[in-house]
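Asks: below is the sequence, then the predicted model.
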Amino acid sequence: MLGLGNNLLFNAGAKGSAGWANVYSVLFDGVDDRARITGYSDPGGDRYYSFWFKGSVQSGNGIFSTGIATQFGVNMNWGGSTTLLVFLGGGFQSFVGQITNPDTSAIENVVNGTWRHIVLSVDASDASQLRCWVDGQSLSVASTAAANPVTFGNTLTFGNDGGSRYFNGNVDEFSWFSGLADQSLVDELWNSGFPGDPASTSGSLQAYWRMGDDDGGTGTVVSDGLGDTSLNMSLNNGATIVADAKV
Ligand SMILES: [Ca+2]
C-alpha cells in the first residue's frame, strides 16, 4: 500500500498525470524469441535508451540491439559473469553488473530475478563515453571501449543481441530519447522505482513501447506509443505479452 500510494502521489504531483498504470510486459524464452522493428532508417546521433527488465539466467543474455551485435548489441551477464557488455564502435565496453541495495547497503547482481531499470547513454561520436545506470545508480566501467564513432543499424531487436545470444526474461516500458542522459534525466526515468510516462520527462522522446499496455495485453504487435506505425514491433518465435510488470 505504501508503494502504491507513493506512486500515485508522485505521478499526480511531479508528472501532472493521474498515474501510469503498468500491467503488461513481453516475455522472451532465451532460445529464439525476439521482437523486431524493421523498415525504418535510424537517424544516428547521440541517444539514450531506458527500459525495465527481469531475468535470472546468469549467462548469455542478449537483451537488445540495433542491426547486428557488433554495431550495437547489449548483453547482460556476458560470459556467465556479472558483467554487462555492450558492443559498439567496432569493439565493446563492459560494466560491473552490480549495484548497492539502498536499504541494506548489500552488493547485488543486476541480474537477480527482480525488475531492474536500465538507462544506456550512447555518444555516437565516441564509444568510450557510453554510460549505464541501473536503478538510478551509475555502473562502474570494467573495460572501456576505443573512442570510435558508433554505427546504428536499421533494425531494432529486443530479446536478442543481434547475434546468437537471446534473453530469458521480461522486458518492459522501453523508451528512446535523442541526446545524452545525465543523472537528473535518469532520476526522472527511474522515478524512485515506479515506471512512468516517458513523455512527461525532460528528455527529447523519439519512441516508446509499453509492451502490451497500448495493445490490450494481447496479440503479436507492440505499438509505438507515439503512434508511428513504422516503429511498431513484431513479436516473433513465441515472444509473448504477459501480465507481469513493475508497478
Ligand atoms: Ca508495460
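Replies: Yep, that arrived. Numbering: from 1, shown residues only.
Asks: and the pLDDT at Leu4?
Replies: pLDDT recorded at Leu4 is 42.
Asks: how many neighbours does the closest residue to Gly62 other than its chain neighbours have?
Replies: Spatial nearest neighbour of Gly62, excluding adjacent residues (CB to CB, 6 or more residues apart in numbering): Asp161 at 2.7 Å. Every residue, glycine included, has its C-beta placed from N, CA and C. Per other CB atoms under 10 Å, the neighbour tally for Asp161 reads 28.
Asks: ok, Asp161 touching Ile68?
Replies: No - look at Asp161 against Ile68 with CB atoms under 8 Å: they stay out of range, at 9.0 Å.
Asks: name every strand pairing with whichever strand in the chain runs longest and say which way it goes.
Replies: When the chain is parsed with DSSP state E, its longest strand is strand 168-178. Sheet partners assigned to strand 168-178 using DSSP bridges are listed as strand 25-29 (antiparallel), strand 47-55 (antiparallel), strand 204-209 (antiparallel).
Asks: the ion is nearest to which of those?
Replies: Among the strands paired with strand 168-178, the nearest to the ion by CB to the ion is strand 25-29 (5.3 Å).
Asks: quick one: contacts of the helix or strand that that closest one is followed by?
Replies: Per DSSP states H and E, the first helix or strand lying C-terminal to strand 25-29 is strand 34-37. With CB atoms under 8 Å, 6 or more residues apart in numbering as the contact definition, strand 34-37 has outside contacts at 26, 28, 155-160, 166, 171, 222, 231-237, 239.
Asks: again, but for stretch 126-134
Replies: Residues from elsewhere that reach stretch 126-134, judged by CB under 8 Å, 6+ apart: 84, 86, 88-91, 93, 95, 97, 99, 110, 116-123, 138-139, 144-150, 180-181, 183, 186, 190.
Asks: the most centrally placed residue in the chain: what's its closest spatial neighbour, skipping adjacent residues?
Replies: For the chain, Phe51 is the residue whose C-alpha lies nearest the centre (CA atoms, centre = their mean; 2.9 Å). Leaving aside its sequence neighbours, Phe51 sits nearest to Phe174 (CB to CB, 6+ apart; 4.0 Å).
Asks: burial count for the one you found?
Replies: Neighbours around Phe174, by other CB under 10 Å: 26.
Asks: got it, and Leu185?
Replies: Other residues lying near Leu185 total 20 when counted by other CB under 10 Å.
Asks: which ones among the contacts of stretch 126-134 are found in strands?
Replies: Per DSSP E, the contacts of stretch 126-134 map to strands at 84, 86, 88, 91, 93, 95, 99, 116-122, 138.
Asks: get me the contact residues on this structure for the ion.
Replies: Asn22, Tyr24, Asp172, Arg210, Met211, Asp213, Ala245 (CB under 5 Å from the ion).
Asks: list the contacts for the fourth one?
Replies: Under the criterion of CB under 8 Å, 6+ apart, the contact partners of Arg210 comprise Asn22, Tyr24, Asp172, Glu173, Val222, Gly225.
Asks: same thing with Arg47?
Replies: Applying CB under 8 Å, 6+ apart to Arg47 gives the contacts Ser121, Val122, Ala124, Trp176, Phe177, Ser178, Gly179, Gln206.
Asks: so what pLDDT did it get?
Replies: 98.
Asks: Ser204 reaches Ser178, doesn't it?
Replies: Yes - contact criterion CB under 8 Å: Ser204 and Ser178 qualify, at 4.6 Å.
Asks: neighbour-wise, which of those two wins?
Replies: Set side by side, Ser204 and Ser178 show more neighbours around Ser178, with 14 against 11, by other CB under 10 Å.
Asks: the ion versus the more buried one, what's the distance?
Replies: Computed as CB to the ion, to the nearest Å, the Ser178 to the ion distance reads 22 Å.
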